[in-house]
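**Q** Return a 3D structure for these sequence lines:
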Amino acid sequence: MPMPRVRLIPLLALTSAAALLPIRLPAQEASAYRAQADSLIRAAQGDSAAWIRIAELTDRFGARFSGTESLERSIDWIVERMRADGLENVHTEPVMVPRWVRGAESAELVSPRRVALHLLGLGGSVGTPEGGVEAEVLVVGSFDELQRRAGEARGKIVLFDVPFTSYRETVAYRGGGASAAAKAGAVAALIRSVGPFGMQTPHTGSLRYDTTAARIPAAALSMEDAMMLRRMQARGERVRVRLSMGARMLADAPSRNVVAEIRGRERPEEVVVLGGHIDSWDVGTGAMDDAGGSVAAWEAVRLMKRLNLRPRRTVRVVLWTNEENGLRGANAYRDAHRAEIDKHVLAIESDGGVFAPRGFGFGGTPAGFAAARPIGALLESIGAGAVTEGGGGADIGPLMALGVPGMELKVDDSRYFWYHHTASDTVDKLDPAEVARCVAAMAVLAFVAAEMPQPLPRGVAPAAGGAH
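**A** Next up, the predicted model:
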């Protein structure tokens, strides 16, 4: 998932007094969709088709980083398969995406002993000068500690050894650590990888350079290596590291969002959007982040087609490009469809892993939440019945900011940040039965939202903070 994924605030501002009217989907009305919901759940759990498709996508194309041939070839393959599935209006929409290249990179502890360190450069980082950078390391545990010890940082490599509390809190060091270190006069910045679990696996992700500070190289160390350097410093040992990074930014490159639909039988101009992002980081194969979410949305629509369930409104699957290091796909979709945004009745995103589903988070008006909540009763049989306030996502954020209600799939994420943005994000971490239940949850929510008589009430979202 680009920086922390967007989680928009619920209880959004209402566009008019009329929006306060309680347009609800009562429990008895929700039960009217029980037969269709159960058929979707049975079909999703009838085989391992979704997991198999994730495996083929990730094994065949590997990492799908923005601006790479592997991403574009995967998009071609997806379009071909969607057409073979019989989905309607299958096409791509152009997006220009950033092109950051990692290059060769390494880090070596020079003193008090020589050993290679486990490292991944942070997305968007500049490279080191030719020949690398060698300097003493100052280990700090927070931005406040760096500020107190700023006089010690000049000419050094600053390492933020910050234990994981939550992604939202700890990722601040990935996003802002380089510029904070640069302001103190450091020549490079390192962070302890953002995650609760190690096994010498570094985690990458994007940084943000402050325009008022020098751009210095920045990378993540494995949890174990960062903790070792802290222990060495605490013993009074002289910690010295040599860092080499060939990172560079190239010109923007062309990419595409993927779009496919089941056209609505009565109100085809009204749209329920669901999807995930098809790009990944350049390490691992992005199976859970976010091939799994992309395939879950795709399979949800495919099952509707297979079961001949054509709802009142159009159900549109969108696989967004460039979520990880730019959100260009999400913004391009909003811009390309701006004239029809008022006809988007719901946007659904899956970008938190396709582990055991628990339900959905809702971002929108109180009236919208009241209307959406009863849909959860249809998903209780698979443990995904909770519909709670507070939901959104990086790729649906631009739509929500224009008043479209948003919902995100909530899963058991206890292992998600073990693998997030690492080389270990591979399909073997996913359980076929859990993936199937995620497909079922997405399918039922999308179908009911597209079939219910009244669309969910809209509201204007406040400005979102953070990112992915």
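**Q** quick one: contacts for the closest residue to A218 other than its chain neighbours?
**A** Distances taken as Cβ to Cβ, 6 or more residues apart in numbering put A178 closest to A218, at 3.8 Å, once the chain neighbours are dropped. Glycine gets a C-beta too; all of them are placed from N, C-alpha and C. Taking Cβ atoms under 8 Å, 6 or more residues apart in numbering, we find A178 in contact with 122, 125, 189, 207, 209, 215-218.
**Q** Among those, which one sits closest to P196?
**A** L122 (18.9 Å; Cβ to Cβ).
**Q** Mind checking the pLDDT average for stretch 222-239?
**A** In this model, stretch 222-239 has an average pLDDT of 98.
**Q** Residues contacting that stretch, please?
**A** Stretch 222-239 has contacts (Cβ under 8 Å, 6+ apart) with 109, 111-112, 117-119, 136-139, 141, 159, 161, 190-193, 195, 197-198, 200-202, 221, 241.
**Q** quick revisit: which of the contacts of A178 fall in strands?
**A** 189, 218 (DSSP state E).
**Q** Just the buried ones among the contacts of A178, please.
**A** 122, 125, 189, 207, 209, 216-218 (16 or more other Cβ atoms under 10 Å).
**Q** Which of the residues you listed lies at the shortest distance from G103?
**A** Nearest to G103 among the buried ones among the contacts of A178, with distances taken as Cβ to Cβ, is S125, at 10.1 Å.
**Q** these two touch, right, the closest one and S206?
**A** No: between S125 and S206 there is no contact under Cβ atoms under 8 Å: 9.2 Å.
**Q** Which parts of the stretch 301-450 of the chain are helices?
**A** All helices of the stretch 301-450 of the chain, identified by DSSP state H, counting those that start in this stretch, fall at 328-336, 366-372, 397-400, 416-419, 432-451.
**Q** okay, the strand or helix carrying the residue nearest to A218 in CSV with CA atoms only?
**A** Assigned by DSSP states H and E, A178 falls within helix 167-183. Taking C-alpha atoms only, helix 167-183 is exported to CSV below (Å, rounded to 0.1, in the frame of the first residue of the first chain):
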residue,chain,number,x,y,z
TYR,A,167,1.4,1.9,10.4
ARG,A,168,-0.2,5.3,10.6
GLU,A,169,2.2,6.5,13.3
THR,A,170,5.4,4.7,12.4
VAL,A,171,5.3,5.4,8.7
ALA,A,172,5.9,9.1,9.4
TYR,A,173,9.6,8.2,9.7
ARG,A,174,9.7,6.7,6.3
GLY,A,175,7.9,9.7,4.8
GLY,A,176,9.7,12.5,6.6
GLY,A,177,12.9,11.1,8.0
ALA,A,178,15.2,12.0,5.2
SER,A,179,14.3,15.7,5.2
ALA,A,180,14.4,15.9,9.0
ALA,A,181,17.9,14.4,8.9
ALA,A,182,19.0,16.7,6.1
LYS,A,183,17.9,19.8,8.1
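**Q** circling back to that earlier point, save the helices of the stretch 301-450 of the chain as JSON lines, and put in mean neighbour count too.
**A** Shown next, in JSON lines, are the helices of the stretch 301-450 of the chain (neighbours: other Cβ atoms under 10 Å):
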{"stretch": "helix 328-336", "mean neighbour count": "20"}
{"stretch": "helix 366-372", "mean neighbour count": "22"}
{"stretch": "helix 397-400", "mean neighbour count": "26"}
{"stretch": "helix 416-419", "mean neighbour count": "20"}
{"stretch": "helix 432-451", "mean neighbour count": "26"}
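**Q** For those helices, give me CSV that also has mean pLDDT and distance to L319.
**A** Converted to CSV, these look like this (pLDDT from 0 to 100; distance: least, Cβ to Cβ, whole Å):
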stretch, mean pLDDT, distance to L319
helix 328-336, 98, 8
helix 366-372, 94, 24
helix 397-400, 98, 15
helix 416-419, 97, 20
helix 432-451, 98, 13
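**Q** Of those, which is nearest K305?
**A** Per Cβ to Cβ, nearest to K305 of these: helix 432-451, 10.7 Å.
**Q** Just checking the distance from that closest one to the centre of its chain.
**A** 19 Å (Cα atoms, centre = their mean, to the nearest Å).
**Q** Likewise for stretch 288-299?
**A** 11 Å.
**Q** got it, and stretch 341-350?
**A** Here stretch 341-350 is found 17 Å from its chain centre; the criterion is Cα atoms, centre = their mean.
**Q** Pull out the buried residues from it.
**A** Of the residues in stretch 341-350, 343-350 count as buried by neighbour count, 16+ other Cβ under 10 Å.
**Q** how about those residues in TSV, adding distance to E80 and pLDDT?
**A** Formatted as TSV, these follow (distance: Cβ to Cβ, whole Å; pLDDT from 0 to 100):
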residue	distance to E80	pLDDT
K343	29	97
H344	27	98
V345	30	97
L346	28	98
A347	26	98
I348	25	98
E349	24	98
S350	22	98
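**Q** which regions of the stretch 101-250 of the chain sit below the pLDDT cut-off?
**A** Along the stretch 101-250 of the chain, no part satisfies pLDDT under 70.
**Q** Could you report the neighbour count for R42?
**A** 12 (other Cβ atoms under 10 Å).
**Q** Confirm it sits in a helix?
**A** Yes: per DSSP: H, G, I helix; E, B strand; the rest coil, R42 lies within a helix segment.
**Q** where does it sit relative to R437, distance-wise?
**A** 12 Å (Cβ to Cβ, to the nearest Å).
**Q** Show the buried residues in the contacts of stretch 222-239.
**A** For these, buried by 16+ other Cβ under 10 Å: 109, 117-119, 136-139, 159, 161, 190-193, 195, 198, 201-202, 221, 241.
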